[in-house]
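Chemist: Model the following, please.
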Amino acid sequence: MALYIGVMSGTSLDGLDIALIELAPAIKLIATHYIPMPVALRAELLGLCSSGPDEIARSAIAQQSWVKLAAQGIHALLNEQKLKPEDITAVGSHGQTIRHEPARGFTVQIGNPALLSELTGITVVSDFRSRDVAAGGQGAPLVPAFHEALFEARAGHRAVLNVGGFSNLSLIEPAKPVAGFDCGPGNVLLDAWIHQQRGEHFDRDGQWAASGKVEPVLLKALLSDPFFVTKGPKSTGREVFNLPWLSQHLSQLPAFAPENVQATLLELTALTIVESLQYAQPNTQELLVCGGGAHNQAFMKRLAELLPEATVSSTAAYGVDPDWVEAMAFAWLAHCCLEGIPGNRPSVTGARGLRVLGAIYPA
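Modeler: Residues are numbered from 1 along each chain as shown. Take a look at the predicted model:
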């Protein structure tokens, strides 16, 4: 029995998702553990997403705190499952992205894998994105290869949509290599706006957005960003879409009710996803949604309205919990690295070819 653990900390910075998977005879989620991100650590990691004083030392200290949190969660998961470190083949640790600028040839995920291996006694595979970037790729998204492995047996033209801080699509068609790309903001602007206006970390079920109305002038201004007219392969992050980006647009327009801004941001997210999907795979029959966005009822309803000819549902419809798909993906990518199996897809990232992803830190 091959057991792997995946650790994922996304751009939402809400916490660490830790997933235990089994790979034989099929990919199976065995157990999960979640650790909320401490407020101070979240603030520091968010601060490191842009230039600041003493950032090298600050990032080194922050990643030690991140790793200790991850190690704590891994040990808790092992104890819950009555497993020992030696029962686990490897931990796939994504780390925490603080910069992602493939156009400038780099992407940075902090997470001190050497320390994580030391604290857990388990082999750690990390730094999955750098090799793809070195090969001329975007380094993201990396989950389409896993989506293909998980859902390729299903018939028809399918897309898998991951909505965390940002949104990305995986396009799965019979007899074709998987394709995919980042669509733009997922929850990042919605979360930032509601936090600024109401002190809440997210819009539960999209209720606040549903209470407002879309402002066409604002929507048009937001859609004018060059990223939305760029075709894949493409990826994005907080370097492009953030609260200052939104504030700049708002400062050039009449004042809008805060709930209307939230409604417009939800429309922006849904519309850019659907337009990207219809351009890249116009005959999509089914859209499976994972990530935190799968729980936003207003968002899911809007996707279904914009895609009347496709079935829109959570990955839970196929027995895969939407909250754990990304953590599962990095556990699977750790397996691929150890076995010498390429983990990227040039059709997704634009890399010059297939590459084995990740750096190995033996136990």
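Chemist: which SS class is Val108?
Modeler: Following DSSP: H, G, I helix; E, B strand; the rest coil, the label given to Val108 is strand.
Chemist: quick one, phi/psi of the closest residue in space to it that isn't next to it in sequence?
Modeler: Spatial nearest neighbour of Val108, chain neighbours left out: Arg99 (4.3 Å); criterion: CB to CB, 6 or more residues apart in numbering. Heads up, the C-betas are built off the backbone N, CA and C, glycines and all. Main-chain torsions, Arg99, degrees, to the nearest 10: phi -150, psi 140.
Chemist: for Leu161, same thing?
Modeler: phi -110, psi 120.
Chemist: quick one, what contacts it?
Modeler: 167-170, 273, 277, 287-291, 293, 303 (CB atoms under 8 Å, 6 or more residues apart in numbering).
Chemist: Dig out what it forms beta bridges with.
Modeler: Counting by DSSP bridges, Leu161 is bridged to Leu169, Val289.
Chemist: quick one: it from Ser313, how far?
Modeler: Relative to Ser313, Leu161 is positioned 11 Å away (CB to CB, to the nearest Å).
Chemist: so the residue nearest to Val108 sits right up against Glu239, yeah?
Modeler: Yes. With contact defined as CB atoms under 8 Å, Arg99 reaches Glu239; the gap is 7.0 Å.
Chemist: Looking at the two, which has the bigger crowd around it?
Modeler: Remark: of Arg99 and Glu239, Arg99 carries more neighbours, 18 against 14, as counted by other CB atoms under 10 Å.
Chemist: about what we covered before: quickly list what's touching both of Arg99 and Glu239.
Modeler: With CB under 8 Å, 6+ apart as the test, Arg99 and Glu239 both reach Cys49.
Chemist: before we move on, back to that, now tabulate the contacts of Leu161 in a markdown table and tack on pLDDT.
Modeler: Shown next, in a markdown table, are the contacts of Leu161 (pLDDT from 0 to 100):
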| residue | pLDDT |
| --- | --- |
| Ser167 | 95 |
| Asn168 | 94 |
| Leu169 | 95 |
| Ser170 | 95 |
| Ile273 | 97 |
| Leu277 | 95 |
| Leu287 | 96 |
| Leu288 | 96 |
| Val289 | 97 |
| Cys290 | 96 |
| Gly291 | 94 |
| Gly293 | 94 |
| Leu303 | 98 |
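Chemist: And the chain, what are its domain boundaries?
Modeler: 2-138+322-361, 144-318 (the TED database).
Chemist: need the contacts of Leu161 in TSV with neighbour count and distance to Gly10, can you?
Modeler: Compiled in TSV, the contacts of Leu161 are given as follows (neighbours: other CB atoms under 10 Å; distance: CB to CB, whole Å):
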residue	neighbour count	distance to Gly10
Ser167	26	12
Asn168	29	11
Leu169	27	16
Ser170	26	16
Ile273	28	17
Leu277	21	21
Leu287	22	20
Leu288	27	18
Val289	26	15
Cys290	27	12
Gly291	27	8
Gly293	26	11
Leu303	24	20
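Chemist: about what we covered before: quickly list what's touching both of Leu161 and Ser313.
Modeler: What both Leu161 and Ser313 touch, as defined by CB under 8 Å, 6+ apart, is the set 287-289.
Chemist: And these, which is closest to Asp17?
Modeler: Val289 (16.4 Å; CB to CB).
Chemist: Can you dump the C-alpha atoms of the host helix or strand of Ala209 in CSV for me?
Modeler: Using DSSP states H and E, Ala209 sits in helix 207-210. C-alpha atoms of helix 207-210 as CSV (Å, rounded to 0.1, in the frame of the first residue of the first chain):
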residue,chain,number,x,y,z
GLN,A,207,-25.0,35.9,0.4
TRP,A,208,-23.6,39.4,0.4
ALA,A,209,-22.9,39.3,-3.3
ALA,A,210,-26.4,38.0,-3.9
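Chemist: Which strands and helices lie in contact with it?
Modeler: helix 188-198, helix 258-280, helix 297-306 (3 or more CB pairs under 8 Å, 6 or more residues apart in numbering; DSSP states H and E).
Chemist: Could you list the buried residues of that helix?
Modeler: In terms of neighbour count (16 or more other CB atoms under 10 Å), helix 207-210 has its buried residues at 208-210.
Chemist: Contacts for it, please.
Modeler: 190, 194, 198, 203, 259, 262-263, 265-266, 298-299.
Chemist: Average pLDDT for it, rounded please.
Modeler: Helix 207-210 shows a mean pLDDT of 98.
Chemist: and that helix, how far from the chain's centre?
Modeler: Remark: helix 207-210 is offset 23 Å from the chain centroid, using CA atoms, centre = their mean, to the nearest Å.
Chemist: Just give me the longest helix of this structure.
Modeler: Counting residues, the longest helix in the chain under DSSP state H turns out to be helix 55-80.
Chemist: re earlier: which of the contacts of helix 207-210 count as buried?
Modeler: Using 16+ other CB under 10 Å as the burial test, those include 190, 194, 203, 259, 262-263, 265-266, 298-299 as buried.
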